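> Sequence and predicted structure below; questions after.
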Amino acid sequence: MVAVELPDVQGLIIRGYTMPVARYLGLSIREPTGARELLAALAGSNPVVPSITTAQPWVAKPEYCVNLGITFTGLAALEVPRASLDSFPVEYREGAVKRAASVGDIGTSAPEQWLRWLADSGLHLLLILSAQSGDALDAATKRLEQAWSASCVELGRHDGASLPGDAAHFGYRDGLSQPTIEGVPLAGLPDHLPRAPVGEFLLGYPSQFDQFSYPVPEPPELGLNGSFVAFRVLEQDVDAFAEFVAQQASATGLSEELIEAKLCGRWRNGTPLVLSPDTDTPEPPIPSDALNDFDYTEEHADEHGYRCPIGSHIRRMNPRGQRVAGAGGHLHRIVRRGIAYGPAYDPAQPRDGQARGLLGLFIGVSLRDQFEFLMTQWANDGIFTAGLGRTNDPLIGAQANGAGSFSIPRPAGSVVLHGLTRLVTTRGGAYCFLPSISAIRYLAALV
Ligand code: HEM
């Protein structure tokens, strides 16, 4: 088994922080020498400046955590030499704006509609703060502002706050399934799925593909132990979701709870449909640490999707052992971090005009084979497996408004829900490199 030097790796790649508030800050570099000093400080050279949180296990949970993403234009602004810039993968070099259409960011999700700071090619650094309280978040922000004020300008920021019960805005419990990564401490629920090799999430190790490691950007001091993240501001139309579920319940005679569960693949409380197809409170209860221990084959065989529809969000995003094109069910795992933004939705006060959604971080060693693959092949198309046709993911798909459909397979014949609208709109995104701590020091010492 490969040994990972945990203190050299940014913590959010390896574990979730489970903190109730977060802030994402976008900076543009105005003065590279000062920006390199900022990086040195973030890598620990200045005790007054909050330093990057690493993957080293905690003795005590800190008050806040800080992580750093750098866009491709950010590396250029830091005066990384051309040959080194050219060694980064093309999808990262092109960036989220240029790649938008390929991942379904069209129409109302197109970059022309994004928050301005995320569509700005001058976005260089993304600071990711998580904290145990609003006060801790503000205090850390203040110290960071002092550290960057001489060399960078803030282009924009976005705050997030977790919802009660670890829920996402459509009401489902989230954050249950994460890949179990070989060689690093277990950071999620146990499952019996194949362990993800560390090279699927960190550069410089054997990947999930046989005898293959993703090329490490040059020089190795910069590339090794790094990773990539797609940051996404995903606005959720909870009114449209609630209306669709209510209409379909009255059209089909199925309960609203069951329709919601079928769309996601889990009941609102996180109980997986494949383990409990008829109720969210099975007897005997499923222990909380077993909520991710399932598959769609073998012991829990559900080939036709009678329990968990093949087109449901979680089955598309991780088909597990199910037969899919290219035998790739286990080859496109992704680490998800994120937090909700906007106030909790109150069904008694619909159409309150409040923006709400998810600030999502989708992490992997290859933006193309992980984040982009999930969006293009599994979320926005259905030909990767039998029974879907050219449909989209019901929760995050880019279906034209009202033109989507969703099939609930049943032995007596499928129930098809029609009139599915786009429920999640992209309000912005950024492709960032997540350098190791030694890479941040390397960048700080450039020139
Ligand atoms: C606002 C947008 C989104 C919402 C509301 C949402 C909601 C959820 C929920 C409720 C779950 C089940 C909880 C769990 O298994 O941890 C889930 C799982 C998952 N989602 Fe999403 N999601 C969103 C966007 C995305 C995007 C953009 C991606 C991929 C790029 C994604 C990939 C996944 C994956 C990989 C899983 C785990 C599936 C499994 O391992 O069984 N999600 N999501």
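Thanks, I have it. Values in this document were obtained by computation on a predicted structure and should not be read as measured data.

> got the phi/psi numbers for S130?
phi -130, psi 150 (degrees, to the nearest 10).

> Can you name the residues of the protein that neighbour the ligand?
Along the chain, the residues adjacent to the ligand under the rule CB under 6 Å from any ligand atom are 168, 170, 172, 174-177, 234, 236, 264, 266, 313-314, 317-318, 334, 336, 357-358, 360, 362, 371, 374-375, 395-396, 424. Quick note: C-beta positions are derived from backbone N, CA and C, even for glycine.

> Now intersect the residues you listed with the helices, please.
C264, H313, I314, M317 (DSSP state H).

> wait, the second one sits on C264?
I take that to be H313. Yes - under the criterion of CB atoms under 8 Å, H313 makes contact with C264 at 5.1 Å.

> what do these two both touch?
The contact sets of H313 and C264 overlap at L395 (CB atoms under 8 Å, 6 or more residues apart in numbering).

> So for the two, which residue has more residues nearby?
C264 (26 against 20; other CB atoms under 10 Å).

> What score does the more buried one have for pLDDT?
pLDDT for C264: 98.

> Kindly report the same for A77.
98.

> With the ligand as the reference, measure out to the nearest residue to it once chain neighbours are set aside.
Excluding the flanking residues, the one nearest A77 by CB to CB, 6 or more residues apart in numbering is I29, at 4.1 Å. Remark: distance between I29 and the ligand (CB to the nearest ligand atom, to the nearest Å) = 28 Å.

> next one: A430
Using CB to the nearest ligand atom, A430 is found at 14 Å from the ligand.

> What is the neighbour count of the closest residue to D393 other than its chain neighbours?
Once flanking residues are discounted, D393 sits nearest to A379: 4.0 Å by CB to CB, 6+ apart. Residues lying near A379 (other CB under 10 Å) number 22.

> Use 59 as the first number from now on
Yes, from this point I'll number from 59; that puts the last item at A437.

> list the contacts for A437?
Neighbour list for A437: G162, R374, M375, N450, D451, I454, G455, A456 [criterion: CB under 8 Å, 6+ apart].

> From the residues you listed, pick the one nearest the ligand.
Among those, M375 lies closest to the ligand (CB to the nearest ligand atom), at 3.5 Å.

> what's the closest non-adjacent residue to the closest one?
The shortest distance from M375 to any non-neighbouring residue, by CB to CB, 6+ apart, is to L432 (6.0 Å).

> May I have the predicted confidence score for that neighbour?
For L432, the model assigns a pLDDT of 98.

> any idea how far it lies from V242?
Taking CB to CB, to the nearest Å as the measure, L432 falls 22 Å from V242.

> Tell me who's in contact with G69.
Contacts of G69 by CB under 8 Å, 6+ apart are Y75, I110, T111, T112, A113, Q114, C123, N125.

> Mind doing that once more with 7 Å?
G69 is in contact with T111, T112, A113, C123, N125, counting by CB atoms under 7 Å, 6 or more residues apart in numbering.

> Spit out the contact partners of the closest residue to it other than its chain neighbours.
Leaving aside its chain neighbours, G69 sits nearest to T111 (4.2 Å; criterion: CB to CB, 6+ apart). When contacts are counted by CB under 7 Å, 6+ apart, T111 touches G69, C123, V124, N125.
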